[in-house]
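Q: Just need the structure, nothing else, for what follows:
(chains A, B, C and D)
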2 protein chains.
Amino acid sequence: MDRRGSSSHSGEALLFLTDEQLRQGIEAMFFAYRGFTADPDRILSDLAYGRAHHRALHFIGRAPGTTVNNLLNILGVTKQSLNRVLRTLIADGLVQSAVGRQDKRERHLNLTQEGRTLEQTLSDAQRARMRAAYRDAGPDAVAGFRTVLEAMMDGEMRNSYNRLKDTGT
Amino acid sequence: MDRRGSSSHSGEALLFLTDEQLRQGIEAMFFAYRGFTADPDRILSDLAYGRAHHRALHFIGRAPGTTVNNLLNILGVTKQSLNRVLRTLIADGLVQSAVGRQDKRERHLNLTQEGRTLEQTLSDAQRARMRAAYRDAGPDAVAGFRTVLEAMMDGEMRNSYNRLKDTGT
DNA sequence: GTTGGAGTGTCAACAACACTGACATAAGCT
DNA sequence: AGCTTATGTCAGTGTTGTTGACACTCCAAC
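A: The predicted structure follows:
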């Protein structure tokens, strides 16, 4: 892919920053993200749910007891948009909303047993693909993968990401 | 699953495949993709265009003269969905559609000068972020990034991706 | 040479999910 | 009491995906 055996050191060190390399990275990101969401999407389409429901289930499962506002910040959508999704999940008994004890304005969100089951199913499908990709690529590639993704995030998203990462460990 | 501080080589080598690691990877992918599309989205929202228009412009620019059907396979949407986008782009003079010479059923798509200009603007914004992320991460991380993304694609998408990659060089 | 099937592109209608704007309610804060 | 915060809701709109129906073109079998 990179012809011309340049003997220049500085030239060689920056070859990965050419427009062509960046464009390939962009396209890789596009195609990979499709694969990334393909398995959960397949499962969800049978259930009258969509990707938005998956995201809500994921982050509620990840941060049990989180408030609506917190979820809003993580997901980066409007409350009207989130509310539509949340309403159906609560009505279907997958998510439980509880009035805050200290601050009664807040609603704390948790997965019900049924919600946990669906979240697990979706998570398993997505992790299976991720695991296969990780195993194929190897630990060094995975470390690089994570490094680039983190560098690609907006500042606010990186904060959300790191907060979640720390709670998990 | 995996105790830490293990002196076992095989145990340590697989630490990057734990559920927690995979979940972090999933979340990194989610947040990074938002960053990935943020800049072009901002530009497009001022123009009454959306992400679908960007994708069409990108791949037409990448493979000039491509047919609608080819574009369909790359984008992975229905022809009706693509057609709506294409119609506005053609009406607005960003894309030109030419009946095939050999097979008159086909339409060959090309960017007009105006289309090339917009594609360039969008591309520049997206590449700028990509370049910054690449530079921060370094060449080794970038190589790993690409390796994992390619492993994450579905088979068909990987074919599309590789075909495009080869034409670019 | 006409007919029928496959390939290709277009139009119309509908669903999912995002957005804005406006407003209501309840609870906390000064 | 008055201001702010957190949440929920209604109404309207836009983008992007879907299915269904249909027209045009090519090619091959009859």
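
Q: Within range of DNA strand D, give me the residues from chain A.
A: When proximity is defined as Cβ under 7 Å from any atom of the strand, chain A approaches DNA strand D at A:67-69, A:72, A:79-80, A:83, A:86-87, A:97, A:103, A:105-107. (Glycine included, C-beta is placed from N, CA and C.)

Q: Switch those over to JSON lines; also include neighbour count.
A: As requested, these are exported to JSON lines (neighbours: other Cβ atoms under 10 Å in any protein chain shown):
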{"residue": "A:67", "neighbour count": "17"}
{"residue": "A:68", "neighbour count": "16"}
{"residue": "A:69", "neighbour count": "13"}
{"residue": "A:72", "neighbour count": "15"}
{"residue": "A:79", "neighbour count": "12"}
{"residue": "A:80", "neighbour count": "7"}
{"residue": "A:83", "neighbour count": "13"}
{"residue": "A:86", "neighbour count": "22"}
{"residue": "A:87", "neighbour count": "12"}
{"residue": "A:97", "neighbour count": "14"}
{"residue": "A:103", "neighbour count": "9"}
{"residue": "A:105", "neighbour count": "9"}
{"residue": "A:106", "neighbour count": "17"}
{"residue": "A:107", "neighbour count": "17"}
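
Q: From those, pick the one nearest DNA strand D.
A: residue A:69 (2.5 Å; Cβ to the nearest atom of the strand).

Q: doesn't residue A:124 make contact with residue A:43?
A: No: Residue A:43 lies out of contact with residue A:124 (Cβ atoms under 8 Å); the separation is 9.7 Å.

Q: mind listing the strands for chain A?
A: In chain A, strands defined by DSSP state E lie at A:66-67, A:95-99, A:107-111, listed in chain order.

Q: for the shortest one, packing partners?
A: Just to be clear, that refers to strand A:66-67. strand A:107-111 (3 or more Cβ pairs under 8 Å, 6 or more residues apart in numbering or on different chains; DSSP states H and E).

Q: quick one: the strand it packs on to strand A:95-99, angle?
A: 150 degrees (axes from the mean of the first three to the mean of the last three Cα atoms, to 10 degrees).

Q: Now, the residues of chain A next to DNA strand D that are in helices?
A: Under the assignment DSSP state H, the residues of chain A next to DNA strand D contribute A:68-69, A:72, A:79-80, A:83, A:86-87 to helices.

Q: Report the two of these separated the most.
A: A:69 and A:87 (16.3 Å; Cβ to Cβ).

Q: nearest residue to residue A:136 other than its sequence neighbours?
A: In space, and not counting its chain neighbours, residue A:136 is closest to residue B:151: 4.2 Å by Cβ to Cβ, 6 or more residues apart in numbering or on different chains.

Q: follow-up on the earlier one: looking at the residues of chain A next to DNA strand D, which one is closest to chain B?
A: Proximity of those to chain B (Cβ to the nearest Cβ) peaks at residue A:72, which lies at 14.1 Å.

Q: That closest one and residue A:155, how far apart?
A: To residue A:155, residue A:72 is 17 Å away according to Cβ to Cβ, to the nearest Å.

Q: if we can go back for a sec, nearest to residue A:29 among the ones in helices among the residues of chain A next to DNA strand D?
A: Distance ranking of those against residue A:29, using Cβ to Cβ, places residue A:72 first at 25.5 Å.

Q: Can you mark which positions in the helix of greatest length in chain A are buried?
A: Within chain A, and with DSSP H defining each element, the longest helix by residue count is helix A:19-45. The neighbour-count check on helix A:19-45 (16 or more other Cβ atoms under 10 Å in any protein chain shown) flags A:21-41, A:43-44 as buried.

Q: So what's the model's average confidence on that helix?
A: Model confidence over helix A:19-45, given as mean pLDDT, is 93.

Q: close to chain B, is it?
A: Yes: Helix A:19-45 lies within reach of chain B by Cβ under 8 Å from any Cβ of the partner chain, at A:19-36, A:38.

Q: which strands and helices sit next to that helix?
A: helix A:51-62, helix A:113-137, helix B:19-45, helix B:51-62, helix B:113-137, helix B:139-152, helix B:155-168.

Q: Indicate the residue of chain A located nearest to chain B.
A: residue A:144 (2.4 Å).

Q: For the residue nearest to that residue when sequence neighbours are not counted, give its distance to DNA strand C.
A: The shortest distance from residue A:144 to any non-neighbouring residue, by Cβ to Cβ, 6+ apart, is to residue B:144 (2.4 Å). Using Cβ to the nearest atom of the strand, to the nearest Å, we find residue B:144 at a distance of 30 Å from DNA strand C.
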